[in-house]
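Enquirer: quick one: sequence plus predicted model below, questions after.
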Amino acid sequence: MVINDPILSIWNLNIRYGQTLAVKNNSFEIEKNKVTAIIGPSGCGKSTLLRTLNRMNDFIDSFNTDGTINFDGNDIYAADADPVEIRRRIGMVFQKPNPFPKSIYKNITWGPQINGYQGDMDTLVEESLKGAALWDEVKDRLNESALSLSGGQQQRLCIARCIAMRPEVILMDEPASALDPKSTARVEELIAKLRQDYTIVIVTHNMQQAARVSDNTLFLYEGELIEYGPTKALFTKPEKQQTEDYITGRFG
Amino acid sequence: MILALSAFISIFTTLAIIAVLGKESFGFFQQVSIWEFLFGTHWEPLLEPKSFGVLPLLAGTLLIVVGSGLIAIPTGLMTAVYLSEYASERTRSIIKPIMEVLAGVPTVVYGYFALTFITPMIRLILPDTQIFNALSASIVVGIMILPMVASLCDDAIRSVPVSLRQGGYALGATPFEVTKNVTVPAAFSGIIASFVLAVSRAFGETMAVTLAAGATPNLTLNPLESIQTMTAYIVQVSLGDTPAGGIEYQTIFAVGALLFVVTLGMNVAANWIMNRYREVYE
Amino acid sequence: MNNFKSNIEKRKRIESIFRTICKALTWTSLVILVVLLYHVAEQGFHRLSPDFLSNFPSRFPDKAGIKSALWGSIWLISLVFLISVPIGISSAIYLEEYENKGKLARFIEVNISNLAGVPSIVYGILGLAIFVRFFGLDRSLIAGAFTMSLLILPVIIIASREALRAVPQSIRHGAYALGATQWQTIYHHVLPAALPGILTGVILAMSRAIGETAPLIMIGALTYVAFVPESIMDPFATLPIQIFNWASRPQAAFEEVAAAGIIVLLVVLLTMNLAAVIIRNYAQRKYRW
């Protein structure tokens, strides 16, 4: 698929855990200010691929990659690339909400604080919580522990924490899979709202969710990129037989 | 029911310790007031005129406790951080067994090491140091309790969910920032408990201090002087030929009771901290 | 978007300093171990000889040997094994399989973990008052063995409970489903499966008992014993006590003799720990769940 305004360009990417090849020779680009969904059956390598995009896999000893991932003109796996700087600019929301066991307020301010944020913290907290559609629910108890929030609220707090950093890209790893249907709906609404300002890459095994929230969809199967295109086209007229089998529920 | 009987042996043991220490200490305190014992500044129970102020022994013990803590606590914590945050599996697989070996070396060997290696080293740098001195003993006790601090802190840090750390990294934090602001605060109760347990261990340590720190009850803060700890005093008396029933014999029970009460208090506190403040994660 | 002031250089500097300090401190323990072993070997190696193993202690460093202490340690550890292992394993089974909830169990558990933290010299005081004086066992092997057994019981109980807990519930359910009683289930299935773990714990506890000095000094284990004990009522010396005795003498030659004694002690300990590792590895291969 030809992308007009790419923010991330991936060329010939292989990802290995020890001897196992988890992602095989993927090449694709992520469109700026759009929502890109990565779908595929469990174990197809989609979370691995996502975590590679902001070097969260560095913490696994046996992990290694080859190929290039270009972000803003630079290879993020180049020898002089700094993972800390990359993660500041490419944020991440995890499968299970993981707020820090601190106050709601501190959960948001900690990232900006260590990264030398110069502006007003109160404003930033308010903006970020509003951005994550959580402000109204928590504005009176910002100093309470983040662990006192419900699961859905915790996940929106994690999103607020992420957007407080003003990242250029937000990676979401099945952000709603640990939530109940109502909270899921709220998170999806939020993604729809965030797409105006951010580039979002979301991994999901829920095809309806991919169809609802994304502009482009990438189908990954056993580490191989099978098909990549505009969501609407991919779900209505898939080009590959495997894609059709998967989205019609014949496997996976 | 034999099984149940075995299980109750632990309770009998505790009761026996309390009974023995209590009975003989009671005899001691009929002759020496508790006030004199706890706040007296001279400890001369074997020579006339006798005096029974435990403060010099307590000060000697505390000197060792503080000195060894200053060595083992930062080193142990930093080691645990390195092992859990930076080290590869290979490094872990080297360091962990080394820690186990260090923890398994008999204390008398550490005492020998302090006396024949560490003390000469110190005297090379500070020639005024006495042959028996608190510094050498503190260093060696620090080495002894280091594995305990490191391994308990490592357990505490490892029990912090990976997701929490990843949350920190995903915000562009460096490993140091994640350690300082996420991991260590989340593992705080476990870390503090490990410090308390290590201190309690240093408090009751016997052979290394007997060999290296000397047998001079000495109310001093100077680590280069010879001192005597509570434990070393008990050993000193039992090496001599002290008849049962005399006040000299009873002193070891009074000192032992103090030792028991303090270490038990610290152990109970450590358990309490760990249970009370254990963060509950899913 | 850019209210962010780039501070990355400074942060990276702090990071690398912190990392270097942590790394240096971590490897310090290796250095300490190497220095310790080297120092002992350098001092004591040339004193090791068949004579050293077969001579009794002597006032003359050149004639001093470790025979009585070595045999004393072997006697003591055998007795401690016979006393503490059955009691320790029974307690663990009782606490883990029979009485594993409720206030009493909780109380015993807390009690055991506190006992594990009691300084060894306090056990010595206990042994002196109870076994030596009250039961009139005098300064005998058996008094030492009882004292040492009390000291290591908490270690054995805690390790055995962990081993029992690691046996999956499905094994127990499988046995019950075939109509086994609780005791049959434990005796035929749970205990064999937990045995490697228990043995590892037992060996570690035994190494602790071999290396302990203070409690035995308390009960008055003689430091000059020129014979091999022949019954459990005999007086005795052990390796660490002999080492302590040599190390506390002022003559430099005895320092070397002490170092030679330490080498013997460490070889004994190393052998036992090696056995523990082999058992652990064997167990990990045999039982996988």
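Expert: Cool, the structure landed.
Enquirer: where in chain B is pLDDT low?
Expert: B:241-242, B:244, B:277-282 (pLDDT under 70).
Enquirer: dump the residue contacts of the residue of it found nearest chain C.
Expert: Nearest residue of chain B to chain C: residue B:204, at 2.5 Å (C-beta to the nearest C-beta). Bear in mind the C-beta positions are built from the backbone N, C-alpha and C, glycine included. Residues near residue B:204 by C-beta atoms under 8 Å, 6 or more residues apart in numbering or on different chains: B:231, B:259, B:263, C:118-122.
Enquirer: for those, work out which two are farthest apart.
Expert: Farthest apart among those by C-beta to C-beta are B:231 and C:118. That separation is 12.3 Å.
Enquirer: those two: which is more packed in?
Expert: For residue B:231 versus residue C:118, neighbours defined as other C-beta atoms under 10 Å in any protein chain shown are more numerous around residue B:231 (30 against 23).
Enquirer: that one falls within a strand, correct?
Expert: No. Under DSSP: H, G, I helix; E, B strand; the rest coil, residue B:231 sits outside any strand and is assigned helix.
Enquirer: excluding sequence neighbours, find me the nearest residue to it.
Expert: Nearest residue to residue B:231, sequence neighbours excluded (C-beta to C-beta, 6 or more residues apart in numbering or on different chains): residue B:206, at 4.0 Å.
Enquirer: phi and psi next, for the residue lying closest to residue A:74 once chain neighbours are set aside.
Expert: Computed as C-beta to C-beta, 6+ apart, the closest residue to residue A:74 that is not its neighbour in sequence is residue A:81, at 6.5 Å. Note on residue A:81: its backbone torsions stand at phi -70, psi 140 [degrees, to the nearest 10].
Enquirer: need the per-residue pLDDT for residue A:81.
Expert: As predicted, residue A:81 sits at a pLDDT of 86.
Enquirer: can you give me the pLDDT of the residue of chain C found nearest chain B?
Expert: Residue of chain C nearest chain B, by C-beta to the nearest C-beta: residue C:119 (2.5 Å). On pLDDT, residue C:119 comes in at 94.
Enquirer: and it, how far from chain A?
Expert: The gap separating residue C:119 from chain A is 35 Å, by C-beta to the nearest C-beta, to the nearest Å.
Enquirer: contacting residues for that residue?
Expert: Residues in contact with residue C:119 (C-beta under 8 Å, 6+ apart) are B:203-206, B:231, B:259-260, B:263, C:214.
Enquirer: same check on residue C:137?
Expert: C:131, C:143, C:146, C:233.
Enquirer: which one of the residues you listed is nearest to chain A?
Expert: Distances from chain A to the contacts of residue C:137, taken by C-beta to the nearest C-beta, are shortest for residue C:146, at 47.8 Å.
Enquirer: number of nearby residues for the nearest residue to the closest one once chain neighbours are set aside?
Expert: Spatial nearest neighbour of residue C:146, chain neighbours left out: residue C:131 (5.0 Å); criterion: C-beta to C-beta, 6+ apart. By other C-beta under 10 Å, the residues close to residue C:131 number 22.
Enquirer: which pLDDT value goes with residue C:131?
Expert: According to the prediction, residue C:131 has pLDDT 91.
Enquirer: do residue C:224 as well
Expert: For residue C:224, the predicted pLDDT is 68.
Enquirer: before we move on, what about residue C:20?
Expert: Listed pLDDT for residue C:20 reads 94.
Enquirer: and it, how far from residue B:143?
Expert: 22 Å (C-beta to C-beta, to the nearest Å).
Enquirer: neighbour count winner among those two?
Expert: Neighbours per residue, other C-beta under 10 Å: of residue C:20 and residue B:143, the larger number sits with residue B:143, 25 against 10.
Enquirer: list the residues that contact residue A:23.
Expert: Applying C-beta under 8 Å, 6+ apart, we find residue A:23 in contact with A:13-15, A:45, A:48-49, A:52, A:220, A:223.
Enquirer: narrow the contacts of residue C:137 to those in helices?
Expert: C:143, C:146 (DSSP state H).
Enquirer: buried stuff in the helix or strand that contains residue B:15?
Expert: Using DSSP states H and E, residue B:15 sits in helix B:2-31. The neighbour-count check on helix B:2-31 (16 or more other C-beta atoms under 10 Å in any protein chain shown) flags B:3, B:6-10, B:13-14, B:16-17, B:20-21, B:24-25, B:28-29 as buried.
Enquirer: tell me the helices and strands packed up against that helix.
Expert: Helix B:2-31 sits against helix B:247-276, helix C:67-93, helix C:103-116, helix C:120-127, helix C:141-165, with contacts defined as 3 or more C-beta pairs under 8 Å, 6 or more residues apart in numbering or on different chains; DSSP states H and E.
Enquirer: what parts of the stretch 51-200 of chain A come near chain C?
Expert: Within the stretch 51-200 of chain A, the positions near chain C by C-beta under 8 Å from any C-beta of the partner chain are A:82, A:84-85, A:88, A:112, A:114-119, A:166.
Enquirer: drop anything exposed from the residues you listed.
Expert: Buried members of those, scored by 16+ other C-beta under 10 Å, are A:82, A:84-85, A:88, A:112, A:114-115, A:117, A:166.
Enquirer: follow-up on the earlier one: distance to chain B and pLDDT for the contacts of residue A:23 - can I get that in CSV?
Expert: Below are the contacts of residue A:23 laid out as CSV (distance: C-beta to the nearest C-beta, whole Å; pLDDT from 0 to 100):
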residue, distance to chain B, pLDDT
A:13, 20, 93
A:14, 22, 93
A:15, 18, 92
A:45, 18, 87
A:48, 14, 90
A:49, 16, 92
A:52, 13, 92
A:220, 22, 92
A:223, 22, 89
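Enquirer: report the buried members of these.
Expert: For the contacts of residue A:23, buried by 16+ other C-beta under 10 Å: A:13, A:15, A:45, A:48-49, A:52, A:220, A:223.
Enquirer: in chain B, which spans are helices?
Expert: Applying DSSP H to chain B gives helices spanning B:2-31, B:34-39, B:55-81, B:89-104, B:107-113, B:119-125, B:134-158, B:162-170, B:175-178, B:184-186, B:188-204, B:207-212, B:230-239, B:247-276.
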